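J.: Got a sequence here, can you model it:
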Amino acid sequence: VPVPWQFPSGFANFSSEQHATFNPMENCVFKGVLSFAVGGLMGGVMGGVFGSHNNDFMMHPRWEYMSTRQQMWLSWVQMRGQAKSMAKNFGFVGLIYSGVECIVEKERAAQDLYNPLLAGCASGAILGASGGPMTAATGCLGFAGFSVAIDWYMYHSGDDH
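T.: Numbers count the residues shown, from 1 in each chain. Okay, the predicted model is just below:
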């Protein structure tokens, strides 16, 4: 009886499609969902940190008449809202970019700087599409440039140039 976490015998003879079912990082849907979760977690933490430094709640008309408990509750509500908002935004950016990059990489069957260029452009255009064609084009250029710069740095950071 095979143990559920062990690969079946003859695993080396499987096709690439069968390998993808056993290696979740080869699955674009899994990569996208994982990026959504990790991006959401990171966005939530950053939103909590940045939201705690936001002083908009002090503009409340009765701020100076509130008890300390009421002031803390109001600041907690604002910080929680900021954390949720940033978690959602970071999660969706991670989902879109990771999914698009995985699809581009699989279709091109190559790992080079064109993948982040194409994936960044498509992701930026998707994220900016609601603002119109100019915003989509700007998003395409900005996201592609940033993605290529990060990938180039990560690729060359280990070399002794």
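J.: Check which helices and strands the longest helix along the chain sits against.
T.: Assignment by DSSP state H gives helix 68-108 as the longest helix of the chain. Here helix 68-108 is seen to pack against helix 28-52, helix 114-128 when contacts are counted using 3 or more Cβ pairs under 8 Å, 6 or more residues apart in numbering; DSSP states H and E. Just so you know, the C-beta spots here come from the backbone N, C-alpha and C atoms, and that holds for glycine as well.
J.: surely Gly99 meets Phe30?
T.: No: in this structure, Gly99 is not within contact of Phe30 by Cβ atoms under 8 Å, at 10.0 Å.
J.: Look at these two and report which has more neighbours.
T.: Gly99 (20 against 15; other Cβ atoms under 10 Å).
J.: who are the neighbours in contact with that one?
T.: Cys28, Val29, Lys31, Gly32, Ser35 (Cβ atoms under 8 Å, 6 or more residues apart in numbering).
J.: now swap in Gly120 and tell me
T.: Counted by Cβ under 8 Å, 6+ apart, Gly120 has contacts Tyr97, Cys140, Phe143, Ala144, Gly145, Phe146, Ser147, Val148.
J.: Identify the farthest-apart pair in the residues you listed.
T.: Tyr97 and Gly145 (13.6 Å; Cβ to Cβ).
J.: Between those two, which has more neighbouring residues?
T.: Just comparing Tyr97 and Gly145: by other Cβ under 10 Å the higher neighbour count belongs to Tyr97, 23 against 15.
J.: who wins for proximity to Glu64 among the helices and strands packed on helix 68-108?
T.: Once the helices and strands packed on helix 68-108 are compared by Cβ to Cβ, helix 28-52 is nearest, at 20.3 Å.
J.: got the angle between that closest one and helix 68-108?
T.: 150 degrees (axes from the mean of the first three to the mean of the last three Cα atoms, to 10 degrees).
J.: List the buried residues of helix 28-52.
T.: 28, 31-36, 39-40, 43-44, 46-48, 51 (16 or more other Cβ atoms under 10 Å).
J.: and it, how far from the chain's centre?
T.: Centroid separation for helix 28-52 versus its chain: 6 Å, with Cα atoms, centre = their mean, to the nearest Å.
J.: And that helix, what does it pack against?
T.: helix 68-108.
J.: Now the helix it packs on: average pLDDT?
T.: The pLDDT scores in helix 68-108 average 91.
J.: Geometrically speaking, which residue is the centre of the protein?
T.: Centroid-nearest residue in the chain: Gly94, 1.8 Å away (criterion: Cα atoms, centre = their mean).
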